[in-house]
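K.L.:
structure for the following, please:
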Amino acid sequence: RMEGRGSYTLPTGTEYRGALRDGAFDGEGELLFPDGGRYRAVWHRGVPAQGKYTFADGLEYDDKKWHYCDGYDRRFYTEICSGLKPAGISQFTNLDPPRKIPEGCYDCGDGFYNPGTRVIVDYKLRFLRNA
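P.N.:
Numbers count the residues shown, from 1 in each chain. As a prediction, this is how the structure comes out:
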């Protein structure tokens, strides 16, 4: 069984780095997600006792003081940091500039869906899965 400090990569590509005890996350450690987000926590027998999630863009999630897209302030994080664009130049996603969506395809969060081929490819146009 895994014991001490180390790293473990899950089949999803998420990597754990930190303390391990008896084959489980135990102590200080963090999960590094493929999209760039990270979750730092104190673990007890594989379960986080306390932790903090940070998005890939640096925005930290706070469940008690969360003001991002809360209904009162509907700006994207990049708009909060950089200000709003002039009228007529709307921002439809947090990315600026937004991703180019291939003709006839739909953005589905982790890639593009092509209804003609019924295939989802990632943002670098590599095959992810059939729909």
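K.L.:
which residues touch the lowest-mean-pLDDT helix or strand in the chain?
P.N.:
The weakest-scoring helix or strand in the chain, judged by mean pLDDT, DSSP states H and E, is helix 77-82 (a mean of 76). With contact meaning Cβ atoms under 8 Å, 6 or more residues apart in numbering, helix 77-82 is reached by F55, D57, L59, Y68, D73, K85, Q91, N94, L95, D96. All C-beta atoms are positioned from the backbone trio N, CA, C, and that covers glycine.
K.L.:
among these, the buried ones, what's the PyMOL command?
P.N.:
Those of the contacts of helix 77-82 that count as buried under 16 or more other Cβ atoms under 10 Å are selected in PyMOL with:
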select buried, resi 55+59+68+91+94
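K.L.:
returning to that earlier point: alpha carbons of the least confident helix or strand of the chain, as CSV, please.
P.N.:
The C-alpha trace of helix 77-82 is given here as CSV (Å, rounded to 0.1, in the frame of the first residue of the first chain):
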residue,chain,number,x,y,z
TYR,A,77,-14.4,36.8,-13.6
THR,A,78,-12.4,38.4,-16.4
GLU,A,79,-14.9,41.3,-16.5
ILE,A,80,-14.5,41.8,-12.7
CYS,A,81,-10.7,41.9,-13.0
SER,A,82,-10.4,43.8,-16.3
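K.L.:
who does Y106 form a beta bridge with?
P.N.:
Assessed by DSSP bridges, Y106 has beta-bridge partners Y113.
K.L.:
tell me how many other residues surround it.
P.N.:
Per other Cβ atoms under 10 Å, the neighbour tally for Y106 reads 12.
K.L.:
measure it to P98 for me?
P.N.:
According to Cβ to Cβ, to the nearest Å, Y106 stands 14 Å off from P98.
K.L.:
same check, this time on D22
P.N.:
46 Å.
K.L.:
quick one: the strands in this structure, in order.
P.N.:
With DSSP state E applied, the chain shows strands at 4-9, 15-21, 24-32, 38-44, 47-54, 106-107, 112-114, 119-121, 127-130, listed in chain order.
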